[in-house]
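Colleague: The following comprises the amino acid sequence and a computationally predicted model.
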Amino acid sequence: MSKGTINVSVENIFPLIKKFLYSDHEIFLRELISNATDATLKLKHLANIGEANDVAYGNPKIEVKIDKENKTLHIIDEGIGMTKDEVEKYINQIAFSGAEEFIEKYKDKDGEDSGIIGHFGLGFYSSFMVANKVEIITKSFKDEPAAHWVCDGSPNFTLEEADKKEHGTEIILHIAEDETEFLEEGRIRELLVKYNKFMPIPIKFGMKTETLPKPEGAKEDDPAPTKEVDNIINNPNPAWTKQPTELEDKDYKSFYRELYPMQFEEPLFHIHLNVDYPFNLTGILYFPKMTNDLNIQKDKIQLYQNQVFVTDNVEGIVPEFLTMLRGVIDSPDIPLNVSRSYLQADGAVKKISSYITRKVADKLKSLFNDNREDFEKKWNDIKVVIEYGMLTEDKFFDKAQKFALYPTVDGDYFTFDELQEKIKDNQTDKDDKLVVLYASNKDEQHSYIQEAKDKGYEVLLLDSPIVSHLLQKLESSKENISFVRVDSEPVENLIKKDEEQVSKLSDEEKETLKTFLTETVPSEKFTVQLEAMDSNANPFVITEPEFMRRMKEMQQTGGGGMFGMGNMPEM
Ligand code: ADP
Ligand code: MG
């Protein structure tokens, strides 16, 4: 048996690890299972290239076990294992110098970055966040004796030979008094599902009862036979790791249910991401049905690295408008040990972000081209994402010209070009500017809509919460066009008109009405015009100027809440 002192300059590293990572203790399990997975994959690789010939590789699994009586948690793999020398090297030297570097980096930060720290590859020593003693029993696949390493949370360790026969590693955590939640089955299962649901090696946690098919000739009320089998908590081959050609629509749908078991609504469509140059990225994004309540739909895309769950907050990695989508992104090229602002400035992340935007735009365009009718049907459920994307990402704005739709109050859908063509002869103002009339609420603006339609004008129905911002953007990007809500100004004032207007009111009636209206309607906010709508029985019309209303709306949506519109473009 050998004893030693881990060579670290911080006198006692473990209380420090614990202190700095107070909010992220749970990630120790992810780290240990990642190591077990790496060790298994390494052996698989060696077997493949013929360097581990005499090792029966079989179907290796990883096992997680709770021993309540002894207050220990065990993580057991059938991987490559370590010799005594390797434990000395990889655990005592490398893992702990990593720990030291980590402490150096974060010791002056009082938790402000803890969200990021949780994404950092903390490694083996993160086990000391929850354990006051850690043991490693490991046997290399090479023909060398097994080793037993014990460390009690001081820099002192012991390392001796052990009699483990099978290659692989068992990590034993003696769970600390104040961390006993990690001895609860429910808590461990929760963590396994959160971080390891799609890891590439099967992970066993306890046993379960499986119902077998009834033998032939069994009577109807004979109970079906059962069998105790390993309870495997993960799916080692999730859909995003496969080629799009291997998958059918139903596979994408069932993967969606696997990702979001509580989500009963089917996604509208999916986008399979798959690149390996100049960065590595796989994933599947889904367009869910959108409601106008945008906040509840954020933070649904899950970020993985090599099938290990990292976070479901992808802010800074995908453009903000796409954070409303759902699905999975897996990339080893996203740096995680950095702050969000650094992340946004990172070259690889920028490329990833614009790749995703492009793929989404391409998919929308092909859906539009392939089946316009279906695209129109979906428009109402996807428009918020598209409109917000047009507003915030110029490249997306350009691409969206091809498929963004402008529905009329009667349920026709035009692209912008089609709309322009449709109204160019009939809806221009005195300066020959194209006037696009729209309503935001069919019921409230009913009589204004009717009035405009009676005159043969097209009225769009634009009712998403960010419409005033979008119109502002459209007006500034297109020459010679203005959007006017039907109740903003009497249409007569906007649109060229030949016929003379004949009054239906007597002068006396007009006078009385005028006095009444000036007394009741605040003139600084609204405009009142008598007999503006001459074709029906309206003796007067009250309007709120487009400009004033739009500013008000933009202040409301721009100020806060929705999207936390921090990076809303200046108008
Ligand atoms: P990293 O995984 O980033 O290399 P860790 O601190 O997690 O850092 O682990 C340090 C090293 O210890 C690993 O690189 C590996 O060589 C060794 N190791 C850890 N766990 C195992 C295991 N279960 N089986 C074999 N080797 C392991
Ligand atoms: Mg590791």
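Modeller: Thanks, I have it. Numbering: from 1, shown residues only. Ligands and ions are numbered 1, 2, ... in the order given.
Colleague: Could you report the neighbour count for Thr543?
Modeller: Around Thr543 there are 21 other residues, counting by other Cβ atoms under 10 Å. Backbone N, C-alpha and C define where each C-beta goes, glycine included.
Colleague: residues contacting it?
Modeller: With contact set as Cβ atoms under 8 Å, 6 or more residues apart in numbering, Thr543 has these partners: 487-490, 526-529.
Colleague: Ramachandran coordinates for it?
Modeller: Here the main-chain torsion angles of Thr543 (degrees, to the nearest 10) amount to phi -130, psi 160.
Colleague: I'd like a version of the contacts of Thr543 in JSON lines, one that adds neighbour count as further columns.
Modeller: Written out in JSON lines, the entries for the contacts of Thr543 read as follows (neighbours: other Cβ atoms under 10 Å):
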{"residue": "Asp487", "neighbour count": "23"}
{"residue": "Ser488", "neighbour count": "22"}
{"residue": "Glu489", "neighbour count": "20"}
{"residue": "Pro490", "neighbour count": "24"}
{"residue": "Phe526", "neighbour count": "15"}
{"residue": "Thr527", "neighbour count": "17"}
{"residue": "Val528", "neighbour count": "18"}
{"residue": "Gln529", "neighbour count": "15"}
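Colleague: Strand partners (parallel or antiparallel) of the helix or strand harbouring Ala147?
Modeller: In this structure, Ala147 sits in strand 146-151 according to DSSP states H and E. Sheet neighbours of strand 146-151, with direction, are listed as strand 131-139 (antiparallel), strand 156-162 (antiparallel) (DSSP bridges).
Colleague: Indicate which one of those is closest to Phe516.
Modeller: strand 131-139 (81.4 Å; Cβ to Cβ).
Colleague: what pLDDT, on average, does the closest one get?
Modeller: When pLDDT is averaged over strand 131-139, the result is 96.
Colleague: Could you list the residues in contact with it?
Modeller: The contact list for strand 131-139 (Cβ under 8 Å, 6+ apart) reads 28, 73, 81-82, 87, 91, 127-128, 145-153, 162, 164-177, 179.
Colleague: one step back: and the strand holding Ala147, average pLDDT?
Modeller: Strand 146-151 comes out with an average pLDDT of 96.
Colleague: Repeat that for stretch 334-344.
Modeller: Over the span of stretch 334-344, the pLDDT mean works out to 70.
Colleague: buried residues in stretch 150-161?
Modeller: Neighbour counts over stretch 150-161 (16 or more other Cβ atoms under 10 Å) mark 150-153, 155, 157, 159 as buried.
Colleague: ok, and of the residues you listed, which contact ligand 2?
Modeller: By Cβ under 5 Å from the ion, no member of these lies near ligand 2.
Colleague: Quick check: the farthest pair among the residues you listed?
Modeller: Taking Cβ to Cβ as the measure, these span a maximum distance of 16.1 Å, between Gly153 and Leu159.
Colleague: ok, back up a step: got the CA positions of the strand holding Ala147 in CSV?
Modeller: Written as CSV, here are the backbone C-alpha positions of strand 146-151 (Å, rounded to 0.1, in the frame of the first residue of the first chain):
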residue,chain,number,x,y,z
ALA,A,146,-6.5,-3.8,-10.0
ALA,A,147,-6.0,-0.7,-7.8
HIS,A,148,-7.9,0.8,-4.9
TRP,A,149,-7.6,4.5,-4.3
VAL,A,150,-9.1,6.2,-1.2
CYS,A,151,-9.2,9.9,-0.5
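Colleague: ok so, going back, could the strands paired with strand 146-151 go into a markdown table alongside distance to Pro213?
Modeller: Shown next, in a markdown table, are those (distance: least, Cβ to Cβ, whole Å):
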| stretch | distance to Pro213 |
| --- | --- |
| strand 131-139 | 39 |
| strand 156-162 | 44 |
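Colleague: For Thr245, find the nearest of those.
Modeller: Judging the strands paired with strand 146-151 by Cβ to Cβ, what sits closest to Thr245 is strand 131-139, at 41.0 Å.
Colleague: which other helices and strands contact whatever helix or strand His272 lives in?
Modeller: In the assignment (DSSP H and E), His272 maps to strand 269-275. Under the contact criterion of 3 or more Cβ pairs under 8 Å, 6 or more residues apart in numbering; DSSP states H and E, the helices and strands touching strand 269-275 comprise helix 249-259, strand 281-287, strand 326-330, helix 347-370.
Colleague: Quick check: the residue of the stretch 51-200 of the chain found nearest ligand 2 vs Asn235, distance?
Modeller: In the stretch 51-200 of the chain, the residue that lies nearest ligand 2 is Gly123 (4.4 Å; Cβ to the ion). Here Gly123 is placed at a distance of 25 Å from Asn235 (Cβ to Cβ, to the nearest Å).
Colleague: Between these two, which is the more surrounded one?
Modeller: A side-by-side neighbour count of Gly123 and Asn235, using other Cβ under 10 Å, places Gly123 first with 19 against 16.
Colleague: And the pLDDT at the more buried one?
Modeller: What the model reports for Gly123 is a pLDDT of 82.
Colleague: burial count for Thr226?
Modeller: The criterion is other Cβ under 10 Å. On that basis, Thr226 has 11 neighbouring residues.
Colleague: Who are the contact partners of it?
Modeller: Counting by Cβ under 8 Å, 6+ apart, Thr226 touches 209-212.
Colleague: pLDDT weak spots in the stretch 201-350 of the chain?
Modeller: 291-299, 336-340 (pLDDT under 70).
Colleague: cutoff 90 now
Modeller: When residues are selected by pLDDT under 90, those of the stretch 201-350 of the chain lie in 213-224, 260-265, 276-279, 288-300, 305-306, 308-317, 320, 323-324, 332-350.
Colleague: For it, give the residue positioned nearest to ligand 2.
Modeller: Nearest residue of the stretch 201-350 of the chain to ligand 2, counting by Cβ to the ion: Val308, 10.0 Å away.
Colleague: Setting aside sequence neighbours, what's the nearest residue to that residue?
Modeller: Spatial nearest neighbour of Val308, excluding adjacent residues (Cβ to Cβ, 6 or more residues apart in numbering): Ser34 at 5.6 Å.
Colleague: Mind giving me the packing neighbours of the helix or strand containing the one you found?
Modeller: Taking DSSP H and E as the definition, one finds Ser34 inside helix 27-48. In terms of contacts (3+ Cβ pairs under 8 Å, 6+ apart), helix 27-48 is packed against strand 62-67, strand 72-77, strand 168-175, helix 185-196, strand 308-311.
Colleague: Could you check how far Lys194 is from Asp507?
Modeller: When Cβ to Cβ is the yardstick, Lys194 and Asp507 sit 77 Å from each other.
Colleague: The two: which has the busier surroundings?
Modeller: With neighbours defined as other Cβ under 10 Å, Lys194 and Asp507 compare such that Lys194 has more, 15 against 7.
Colleague: Mind pulling the model confidence for that one?
Modeller: Residue-level pLDDT assigned to Lys194 equals 91.
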